Structure formats: structure tokens, C-alpha cells
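**Student:** build me a model from this:
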Amino acid sequence: MRFMLLLLALSLGAASPGPRYANPVIDHDFPDPAVIRSHDGFYYVYAPHSAGAGGKFRNIAAARSRDLVHWNELTDALPIKPTWASKAQDYWAPHVVTDRERYLLYFSAKPDAALTDDKQGLFLAVAVAVATADGPTGPFIDSGRPLQTGPGFDNIDPMAFNDPATGRHLVYRGWGSGLGPIKAQELAPNRLSFAFGSSPKPLLAPVKSKDTNEYRRLVEGAWVVRHDGYYYYLFASGDNCCGAAAHYCVFVARSPSAMGPFTIRPRPANLVVEGDYKSSDDVNTRRVMLLDSIEWKSGWPVLRGVHPSSGQRPAPVTQ
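**Tutor:** Purely as a prediction, here's the structure:
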């Protein structure tokens, strides 16, 4: 699960002295947001299964905006369930990329053949999959089979990345609920399957620690950017995201290669942001979408303050 905070100064101009905004920018359940800027000039954001503002359930939620602050919600981006996951109600952590000819939606779901353990009611498998569309609004059509299926939550939170240095197409995935690492694997040129002979490479493993300030007993929700033409920055989330015992953060590591090895930002300043956004709603039903800016200092991204902002803030200036 990606943290419910949208960190967007990575690709934006300086804050404007004029227009202002206040969090949240989408004020209902809209978790794990993934944003792209399309060729039509709009920003599009995608989120997992959820009910929209009007209460209608969507397999993959979507919204678009000109300014990253005011969002108009769209119809279901994945209106037809995959044949291999037709019984599933959970489609997690979508991410969309485009090559101008088409749009590719990477997501996770529970396959029909392995939904639960009859005795324990536990998930036996989760799959990473890809769907395609002609435009950013969809409808996205599943490719017909998962990219990969693995035990527990080993295959979740996919993030597709086109490496500008090598031209390779990669997928980052994995989370620590199964005590596993975040991994990366190369895609085939068509990006609908993994490259022949490729294998997942572990990049960032959870840390067994009783230190509540460690925040890496569970790692999930990878997001990678390249900054200043050299370092690759891997943002990830750690520990417990939700509920009364929420204890969560976004931390960052960097590497001169998209495939690592990644070095965690040194402590005690290893956190980008921490938070446990509270609401009176039921657990996991109101993970609102927040917007904050990032600054770069001494080769590392820094958020103003260690918690999501509240109150009026300068609106971003898009370029």
C-alpha cells in the first residue's frame, strides 16, 4: 500500500505566491494514489477499488486535474474484471505509464483460483497484472493473464518505470507483510510480460527491530524517480498504515543505478514524512488524498515538517 500522501514537488515548479489550497485535495477514500501527466495537458490520478464521492463502487478509481488541487472524478478505469480475477473485490495500488501509442495500467489482484485458505481465511496468492487502453481514462482491458502470481502479498503495489539511462522497462513490487523485500524486474519490450531470462532482484529488505523509530519492520509501496540526472530515489512506506495503531512513514533510499544497490538516507533524518491521518470513519474507509511539496537538500528530498500539512498552503505551479 502506498502512503496516502501525494508528494509532487518532484516534477513541479516553485510554489506560487498567489493561489492557495488546503489538504485533503480528495476528501474521501482514495488510497495509494499514482499520478501521471498525460499528453492532453491533464494530470490523472489512479487509486484502488473504492466508492467514489457518489458512492458508486469502482474497480480502479480515477480523477483528473489541471492544477493538482481541483480534481474531477472519472468513471471506472477498469470496468470489466479480469477473467482470472472475476470474483475479486480488491484491485490494489494501480500505476499507469504511457508510450504515446497506448496506456498501460499495472495493478494487483487476488486470483480466483487461490482467493483464500478455507481453514484460515488467509490470502494464498496475489498477482501482478497489466491492462491497456488507448487513452488515460480507459477503459483499460486486462491482458488476459497475470504477469506473476506469488504467495501471500509478495506481488503487490507495482510501480512501472522507464529507465532514462538504459531504456529498460522495469517493474518494482513487493511489500513486507510477508516479511519480504521490495524487488525489481525487467519487462519485455512489449511491457506485457517479463523479459526472457529475467528474475526479480531484491532491493530493500525489512529490518527486524524493536525500535519504534525504525519504521522498516515492514516495507511496501515502492516509488522510483531519477533526479538531477544521476541518483535514483526509491521512496517506500514502512510499518502499520492504518487503524487505531497506525505507525507509518515514507522513507527514501538512493542509488546511481535503477537496480540498486540502494542506500537508506542516514539517520536520524531518514524519514521523508510520517503520519497517521485520523478520522471518525471506519478503519481503511477514509484514506484521503493529500498534497505536499518536496525540497531537495544535500542530495536528499525533504518535506517541510514531518507530518502532512494542514491549513492553507501555496498552490503548486505546474509547468
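
**Student:** all strands of the stretch 51-200 of the chain, in order?
**Tutor:** 57-58, 61-65, 72-73, 91-98, 103-109, 125-133, 141-142, 148-151, 159-162, 169-173, 182-186 (DSSP state E, counting those that start in this stretch).

**Student:** give me the helices and strands touching the third one, please.
**Tutor:** The elements that strand 72-73 packs onto, with contact taken as 3 or more CB pairs under 8 Å, 6 or more residues apart in numbering; DSSP states H and E, are strand 61-65. In this view, the C-beta of every residue, glycine as well, is placed from N, C-alpha and C.

**Student:** how far off centre is the strand it packs on?
**Tutor:** Relative to its parent chain, strand 61-65 has a centroid offset of 15 Å by CA atoms, centre = their mean, to the nearest Å.

**Student:** and the angle for that strand with strand 91-98?
**Tutor:** If you take axes from the mean of the first three to the mean of the last three CA atoms, to 10 degrees, strand 61-65 sits at 40 degrees to strand 91-98.

**Student:** the closest residue to residue 156 other than its chain neighbours: how many residues sit nearby?
**Tutor:** Spatial nearest neighbour of residue 156, excluding adjacent residues (CB to CB, 6 or more residues apart in numbering): residue 108 at 4.4 Å. Around residue 108 there are 25 other residues, counting by other CB atoms under 10 Å.

**Student:** quick check: bridge partners of residue 108?
**Tutor:** residue 92, residue 128 (DSSP bridges).

**Student:** quick one: it and residue 34, what's the gap?
**Tutor:** Plainly put, residue 108 is 12 Å away from residue 34 if you go by CB to CB, to the nearest Å.

**Student:** mutual contacts of the two, please.
**Tutor:** Common neighbours of residue 108 and residue 34 (criterion: CB atoms under 8 Å, 6 or more residues apart in numbering): residue 93.

**Student:** tell me where the stretch 151-300 of the chain is predicted with low confidence.
**Tutor:** 152, 175-179, 212, 242, 267-285 (pLDDT under 70).

**Student:** quick check: which ranges of the stretch 1-150 of the chain have low pLDDT?
**Tutor:** 1-17, 51-54, 114-124.

**Student:** mind listing the helices for it?
**Tutor:** Using DSSP state H, counting those that start in this stretch, no helices are found in the stretch 1-150 of the chain.

**Student:** who's in contact with the residue nearest to residue 84 when sequence neighbours are not counted?
**Tutor:** With CB to CB, 6+ apart as the criterion, residue 84 has its nearest non-adjacent residue at 5.5 Å, and that residue is residue 111. Taking CB under 8 Å, 6+ apart, we find residue 111 in contact with 84-85, 88, 125-127, 146, 149.
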